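> Next come a sequence and a model predicted from it.
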Amino acid sequence: MDILSLVIILQNVFTWYLVLDARHKLAASIQDFKKGLELMQQAIREFERGVDHLEEVKQDLDILARSVRQD
């Protein structure tokens, strides 16, 4: 085996290492992105619950305001 063949083999091995490393990093990034999406969805649900609660409070305040005006 001559030096050029050895260099080409080592270059191919290194290239495959880089490809596999990049795939691993991409998979980890995708998982992080999915976790971020799940957290955003959870935050949206919490926000919607907060809005629902504020609507209930507004209705209670409207009832209270009407009863105060009647008195």
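Nice, I can see it.
> quick one: low-confidence ranges for this protein?
Within the chain, the stretches with pLDDT under 70 are 71.
> so how far is L18 from S29?
For S29, the distance to L18 (CB to CB, to the nearest Å) stands at 16 Å. Quick note: C-beta positions are derived from backbone N, CA and C, even for glycine.
> do E56 as well
Taking CB to CB, one finds E56 at 57 Å from L18.
> cool, Q70 as well?
Counting by CB to CB, the gap from Q70 to L18 is 77 Å.
> What of V68?
In terms of CB to CB, V68 sits 73 Å off from L18.
> again, but for K35
Taken as CB to CB, the span from K35 to L18 is 26 Å.
> OK, contacts around G50?
Residues near G50 by CB atoms under 8 Å, 6 or more residues apart in numbering: none.
> Let's verify it: helix, strand, or coil?
Here G50 takes the helix state, with states given by DSSP: H, G, I helix; E, B strand; the rest coil.
> where exactly do the helices run in the protein?
Per DSSP state H, the chain carries helices over the ranges 3-70.
> Quick check, central residue of it?
Nearest to the mean C-alpha position of the chain, by CA atoms, centre = their mean, lies G36 at 1.6 Å.
> For L6, give me its contacts.
Not one residue lies near L6 by CB under 8 Å, 6+ apart.
> Please identify which of Q70 and L18 sits among more neighbours.
Shown here are Q70 and L18; by other CB atoms under 10 Å, L18 has more neighbours (10 against 6).
> Now do the more buried one against L64, distance only.
68 Å.
> For K35, list the residues it contacts.
Contacts for K35 (CB under 8 Å, 6+ apart) come out as none.
> same check, this time on L26
By CB under 8 Å, 6+ apart, L26 has no neighbours at all.
> and the gap between it and N12?
Separation of L26 from N12 (CB to CB): 21 Å.
> cool, I3 as well?
Distance from I3 to N12, by CB to CB: 15 Å.
> Of these two, which one has the most company?
Each of I3 and N12 has its neighbours counted (other CB under 10 Å); N12 has more, 10 against 7.
> And stretch 26-39, how far out from the chain middle?
6 Å (CA atoms, centre = their mean, to the nearest Å).
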